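A.B. asks: Model the following, please.
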Amino acid sequence: MAETVESPKLTGNMFLFDSPELMNKESHGALGFHPTEKNFSFCAKARAIPITVSEIIPAMKDYPVIFLNRENPAPLVVTGMVDDVNLFVDEKGNWETDAYIPGYVRRYPFGVASEDSGERLAIVIDTAYEGLKKGGDFPLFENGEPSASTQQAIEFCKAFEQDRVVTNGFGERLNQFDLIQGQSAQFTPQGASEPKTFAEYFGVDEKKLQELSDEQFLELRKAGVLPLIYAMLMSMSNWRLLLQRRARRFNMSEAEILNRALN
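C.D. replies: Model prediction:
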């Protein structure tokens, strides 16, 4: 009797994915993409989105760029505050015009999962994505093989994963110099004498950066990470812009937004 070979199963959760499955022609051969108006509605509640090192500089003009924490120093762009609302995605599912769109979002509904050994990668697809339907206009597979558009998505996922590995090294290097510290975003309301803290996060500590020895600073320069560090520091000015963006979205004053954040 022939043995039945079970398909590999996906374990764990993936950020923004509702029903992630390892992509294969047996399960997904009949699926394809239908054009959908709400392209980014899947991340409309995301308050922060992971990025890689190659994205820090293009992202710093639009978002505060922070770290998840010191133990897992993954860079993130902050897209919302106070509650689960992505302030860069409107009610129609459109991303803010001219704002940088993170690669993690652009690759969706595709993603990457690794085997327990970490030696091989597998492509994941979110079968809950509203634009993915049986008999869709743009098939996932053609003649039993990934279609041209699917192959492009696979190559993008592979490149993103390679960049993510480099990103891990960036955070580890900053931790070597104790540069990632708890920070706070502050705003002084009109008529107030003292600033109010409305967000707490992990970021680059500028004071500790200035206190590095010449040898340590040179090491960071040779590693090519100084532009990334300065880009993250400069991105902190976007906290105020994020506050203003939320005020416009909900037709509230900055003071009302601030009070909501503090309570």
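A.B. asks: Now do the helix or strand containing Glu219, average pLDDT.
C.D. replies: Per DSSP states H and E, Glu219 falls inside helix 214-222. Per-region confidence: helix 214-222 scores 95 on mean pLDDT.
A.B. asks: Only the C-alpha atoms, please, for that helix, written as CSV.
C.D. replies: Provided in CSV are the C-alpha atoms of helix 214-222 (Å, rounded to 0.1, in the frame of the first residue of the first chain):
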residue,chain,number,x,y,z
ASP,A,214,36.0,57.9,18.5
GLU,A,215,36.8,54.3,18.0
GLN,A,216,33.2,53.2,18.5
PHE,A,217,31.9,55.9,16.2
LEU,A,218,34.4,55.0,13.5
GLU,A,219,33.2,51.4,13.8
LEU,A,220,29.7,52.4,13.1
ARG,A,221,30.8,54.6,10.2
LYS,A,222,32.7,51.7,8.6
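A.B. asks: OK, contacts around Asn175?
C.D. replies: Applying CB atoms under 8 Å, 6 or more residues apart in numbering to Asn175 gives the contacts 70, 73. (C-beta placed from N, C-alpha, C; glycine too.)
A.B. asks: Give me the distance between the host helix or strand of it and the centre of its chain.
C.D. replies: Asn175 is part of helix 148-176, with elements assigned from DSSP H and E. Distance of helix 148-176 from its chain centroid, counting by CA atoms, centre = their mean, to the nearest Å, is 12 Å.
A.B. asks: could you give the mean pLDDT of that helix?
C.D. replies: Computed over helix 148-176, the average pLDDT equals 93.
A.B. asks: circling back to that earlier point, what's the angle from the helix holding Glu219 to helix 148-176?
C.D. replies: 180 degrees (axes from the mean of the first three to the mean of the last three CA atoms, to 10 degrees).
A.B. asks: what element comes up after helix 214-222 heading to the C-terminus?
C.D. replies: Stepping forward along the backbone from helix 214-222, the first helix or strand reached (DSSP H and E) is helix 226-234.
A.B. asks: What residues sit buried inside that following helix?
C.D. replies: Across helix 226-234, burial judged by 16 or more other CB atoms under 10 Å covers 228-233.
A.B. asks: what's around Phe170, how many residues?
C.D. replies: The local packing of Phe170 (other CB atoms under 10 Å) involves 21 other residues.
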